[in-house]
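K.L.:
need a 3D model of the sequence below.
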Amino acid sequence: MPASPANDPTLRSWIDIRPGDDFPIQNLPFGVMEVPEWGPRLAVAIGGYALDLYACAQLGYFEAIGNDVPALGAALPKVFRRRSLHAFLRLGPAAWRAVRERVSELLRHDNPALRDNELAMRTCLLRQRDVTLLRPVKPANYVDFYSSLEHAANVGAMFRPDNPLLPNWRHMPIAYHGRANSIVVSGTPIRRPQGQYRPAGQEAPVFGPTQQLDFELETAFIVGQGTQQGDTVPIGEAESHIFGLVLFNDWSARDIQSWEYQPLGPFLGKNFASSVSPWVVTLDALEPFRVAGPAQEPTPLPYLQAEGTHHFDIELEVLVQPAGSTTAPLVISRTNMRHLYWSMAQQLTHHASNGCPLAVGDVYASGTISGPTPGSLGSLLELTQRGTEPLNLPDGLQLGFLRDGDTVILRGFAEREGLRIGLGEVSGTVG
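P.N.:
Okay, here's the model as predicted:
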């Protein structure tokens, strides 16, 4: 598919956008907002604003693209007055691209259609701080992969020093099915979970609040096109099923997890909460940031072999603001999505390889993304060596695992030759 004109790095908007903002005119991610008197609406982020797609459709700004994408013309504007992106996603990739390109046209510095219509502009363009951003999808299914070689090796070394990576890890993307209805939008407080765990030095377990609450720095892709049960997805078609990318924090109770995970894997230590960023950045917008992934040895089986580049150069960082602190959040880790061993395309193709149906709005998380250096680790489990080497923070504070009142913020962006495409942020405070 040819590059979208909405990606043109020379484009400028009539909206004032600060240098380094996550949401320039070349980004235009999709989300869902709510204003009390209006209800939920689909929106696109531009700078510090949210463009109301329902209002734009009501005023006729999308009529022209209905001729090119008949399904879109018949569905508007009702698909934009929903509490999730699902109805819009079901219109397919041609509709996704057409709407993004039309929004790009409306927001360009030399297009007066919306810019010079003050009433329409006030109706369609709202400050993000004045609206409530909702969870962008209501997934029926959530899968969490384990696709970072560095993370898998680090964690494996803690529990199996002589055999960090299990024999299957380099042959297929490992994953487990998580709890879809525990996914919450950024800013939602995170309640410390209770569960069974075995304190160090004790033979018998106890039940109570986790003492080893952790974050996991992840990204996740949103399924835009579903499949029927029994269908598979060839690796060359995998990305056509992916709408876009979000930031994802898969909160983890390490003591509960380590007690329960054998023999069937994660359960209560991982399913109590996961936080997702509100804006979904399309694969179209990320097209300029494709890179080659790590060398895969041994060579994957044929169904997982893909031509071209399917990894993305996206900088990621973790910030923590300790409970009661008045200082700015402190960066404790920086890494990059390009370090993932298994690509999103490989993840999706492998999951569908047994005929498991994909559903629109499903969330597929990457698993913790860690890099090769001590400052690029994506969890406190790794950063503090299971809490035995706490991080030294300002004001004499130390951080082993998360305490009540601590806030964790994940951020991500891709940047090249002055063009920055951001994923925004996802945050949560332990309550």
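
K.L.:
surely R82 and V32 touch.
P.N.:
Yes. Here R82 lies in contact with V32, judged by CB atoms under 8 Å, at a distance of 7.4 Å. For the C-beta atoms, the positions are set from N, CA and C on the backbone; glycine is no exception.

K.L.:
out of the two, which sits in the busier spot?
P.N.:
The neighbour count for R82 versus V32, taken as other CB atoms under 10 Å, is higher for V32 (28 against 17).

K.L.:
now the closest residue to that one other than its chain neighbours: how far from P278?
P.N.:
Distances taken as CB to CB, 6 or more residues apart in numbering put L134 closest to V32, at 4.4 Å, once the chain neighbours are dropped. To P278, L134 is 7 Å away according to CB to CB, to the nearest Å.

K.L.:
which neighbours do those two share?
P.N.:
Common contact partners of L134 and P278 (CB atoms under 8 Å, 6 or more residues apart in numbering): G31, V32, V185.

K.L.:
quick one, phi/psi of the second one?
P.N.:
Going back to what we said before, that points to V32. With angles defined as degrees, to the nearest 10, V32 sits at phi -130, psi 130.

K.L.:
what's the answer for the first one, then?
P.N.:
As for G31, its main-chain torsions (degrees, to the nearest 10) stand at phi -160, psi -170.

K.L.:
and the gap between it and I17?
P.N.:
Relative to I17, and taking CB to CB, G31 is found at 17 Å.

K.L.:
compare the two (neighbour count), which wins?
P.N.:
The residue with more neighbours, out of G31 and I17, is G31; 25 against 19, by other CB under 10 Å.

K.L.:
what's across from the more buried one in the sheet?
P.N.:
A43 (DSSP bridges).

K.L.:
ok, it - contacts?
P.N.:
L42, A43, V44, A45, A50, L85, L133, L134, P136, P278, W279, V280.

K.L.:
dump the residue contacts of the residue nearest to V32.
P.N.:
G31, V32, M33, E34, P40, R83, S84, V185, P278.

K.L.:
also P139?
P.N.:
So P139 contacts A180, I183, A359, G361, D362, V363 (CB under 8 Å, 6+ apart).

K.L.:
please repeat the previous calculation with a cut-off of 10 Å.
P.N.:
Residues in contact with P139 (CB atoms under 10 Å, 6 or more residues apart in numbering) are 84, 86, 178, 180-181, 183, 220, 222-223, 276, 359-364.

K.L.:
with I256 instead?
P.N.:
193-198, 205, 207-213, 266-270, 272.

K.L.:
pull out the buried residues from the residues you listed.
P.N.:
Buried subset of those (neighbour count, 16 or more other CB atoms under 10 Å): P193, G195, Y197, T210, Q211, Q212, L213, P266, L268, G269, K270, F272.

K.L.:
farthest pair within the residues you listed?
P.N.:
Farthest-apart pair in those is Q211 and P266; separation 17.8 Å (CB to CB).

K.L.:
which stretches of the protein have low pLDDT?
P.N.:
The chain contains residues with pLDDT under 70 at 1-2, 66-67, 71, 73-74.

K.L.:
walk me through the domains of it.
P.N.:
5-134, 142-429 (automatic domain parsing).

K.L.:
contacting residues for the most centrally placed residue in the chain?
P.N.:
The centre of the chain sits closest to V246, judged by CA atoms, centre = their mean, with a distance of 2.2 Å. With contact set as CB under 10 Å, 6+ apart, V246 has these partners: 29, 31, 135-137, 186, 218-222, 275-281, 363, 365, 412, 423-424, 426.

K.L.:
and for S186?
P.N.:
133, 135, 246-247, 249, 275-279, 409-410, 424-428.

K.L.:
tell me the SS of the closest residue to it other than its chain neighbours?
P.N.:
Of all residues not flanking S186 in the chain, V426 sits nearest, at 4.2 Å (CB to CB, 6+ apart). Following DSSP: H, G, I helix; E, B strand; the rest coil, we place V426 in the strand state.

K.L.:
quick check: V426 vs W279, distance?
P.N.:
Counting by CB to CB, the gap from V426 to W279 is 10 Å.

K.L.:
intersection of neighbour lists for those two?
P.N.:
Common neighbours of V426 and W279 (CB under 10 Å, 6+ apart) are S186, V246, L247.

K.L.:
would CSV of those residues with secondary structure and distance to D395 be doable?
P.N.:
Output for the shared contacts of V426 and W279, formatted as CSV (DSSP: H, G, I helix; E, B strand; the rest coil; distance: CB to CB, whole Å):
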residue, secondary structure, distance to D395
S186, coil, 26
V246, strand, 33
L247, strand, 28
